[in-house]
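have a look; sequence and predicted model below, questions after that.
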Amino acid sequence: MSQATPDLAKPAKPAETFLPISGGRKARDKIALVVFTASFILALIPLVALLFKVIVDGLPAILNPTWWTNSFFLVAPSSMAGGVGHAIYGSLVQAVVAAVISIPLGVAAGIMLVEYPDSKLAKPTTFMVDVLAGVPSVVAAIFIFGIWITTFQFELSAFAVSLALVLLMIPLIVRSTEEMLKLVPDELREASYALGVPKWKTIVSIVIPTALSGMISGIFLAVARVMGETAPVLILVGYTASYNFNLFEGNMSSLPLLIYNQLSNPNEAGQYRIWGAALTLVIIIALANVLATFASKALAPKTK
């Protein structure tokens, strides 16, 4: 009795790799898509409405050329004349001074946390950064007031505001630096060590340049974040309607402080100044974000 031989010429039937998607899974997927889309639209509505209100009410002010350079010195509260040049100057100076102090400290702390994780200072630094990240701006302002004004007997000034902004900027810079350094491949460090390059030189010449674009972007975002803070300027410096170029003495205006000051102005010019200053602040912060994007692209490592 002969045995049947398999037909080798006939191709085998391919096994089914994917099973058909069930109707229940398709329904759940569509429901999730609808829920997420609706949530996005609901979150977008107040943002768009706020931006529309600020642009419509603030546009007449910023279209005036003198708005960007003049101040309200000797300008009547009911007058539409004057500008916020003194407030723009104050906001920029306070943010720049805070950045000069906080950038070296924040970058150094971020490098230590990533490159020297076994250091005895790593855990205390991580703890303090987490604490500072959750500190409200009013608490930072009160702390500087208690140390700088009450204890050391210095006067209220724009420099005191910058010190409070430093406390708010440092955790942002540390975290952005830390995350960017973690993205640098370990192969680059190991290749440098294999060539006999010391660790500090590897960090300076290889690790930091590779992560520099993201670090710069994080720094710009931190500066933009603190420029809109209101509590430090309300507590640590007084309002003035004119320019003040002395950082350590006298009152100095800023855009958030000017907005707060004009809230008590019952005239139509008060609303004109409030919405104009608000739109000016939005434009400056938007420009900082654009600069962060361009700096990130310009300093990104070249692949070709």
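All right, it came through fine. Numbering: from 1, shown residues only.

remind me which residues of the protein are low pLDDT?
Within the chain, the stretches with pLDDT under 70 are 1-19, 302-304.

longest helix of it?
Under DSSP state H, the helix in the chain containing the largest number of residues is helix 23-62.

and it, what does it pack against?
Secondary-structure packing of helix 23-62 (3 or more Cβ pairs under 8 Å, 6 or more residues apart in numbering; DSSP states H and E): helix 268-298. Using the backbone N, CA and C atoms, a C-beta is placed for each residue, glycine as well.

other SSEs contacting the helix it packs on?
Packing partners of helix 268-298 (3+ Cβ pairs under 8 Å, 6+ apart): helix 23-62, helix 85-115, helix 208-227, helix 255-262.

of the ones you listed, which is nearest residue 193?
Nearest to residue 193 among the helices and strands packed on helix 268-298 is helix 85-115 (12.2 Å), distances taken as Cβ to Cβ.

return the distance of residue 20 relative to residue 30.
Per Cβ to Cβ, to the nearest Å, residue 20 is found 17 Å from residue 30.

neighbour count winner among those two?
Applying other Cβ atoms under 10 Å to residue 20 and residue 30 shows that residue 30 carries more neighbours, namely 10 against 7.

list the contacts of that one.
By Cβ atoms under 8 Å, 6 or more residues apart in numbering, the contact list for residue 30 is empty.

next, find the distance separating residue 69 from residue 86.
Taking Cβ to Cβ, one finds residue 69 at 9 Å from residue 86.

so the two - more neighbours on which side?
A count of neighbours by other Cβ under 10 Å puts residue 86 above the other of residue 69 and residue 86, at 24 against 12.

that one reaches residue 240, doesn't it?
Yes - at 7.3 Å, residue 86 counts as touching residue 240 under the criterion of Cβ atoms under 8 Å.

overlap of the contact sets of these two?
Counting by Cβ under 8 Å, 6+ apart, the shared contacts of residue 86 and residue 240 are residue 253.

okay, stretch 136-151 in CSV with CA atoms only?
C-alpha atoms of stretch 136-151 as CSV (Å, rounded to 0.1, in the frame of the first residue of the first chain):
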residue,chain,number,x,y,z
PRO,A,136,4.5,80.6,44.7
SER,A,137,5.9,84.0,43.4
VAL,A,138,4.4,85.8,46.4
VAL,A,139,6.3,83.6,48.8
ALA,A,140,9.6,84.3,46.9
ALA,A,141,8.9,88.0,47.1
ILE,A,142,8.1,87.9,50.8
PHE,A,143,11.3,85.9,51.4
ILE,A,144,13.4,88.5,49.6
PHE,A,145,11.6,91.2,51.5
GLY,A,146,12.4,89.6,54.8
ILE,A,147,16.1,89.0,53.9
TRP,A,148,17.0,92.0,51.7
ILE,A,149,14.8,94.7,53.1
THR,A,150,14.1,93.8,56.7
THR,A,151,17.4,92.1,57.7
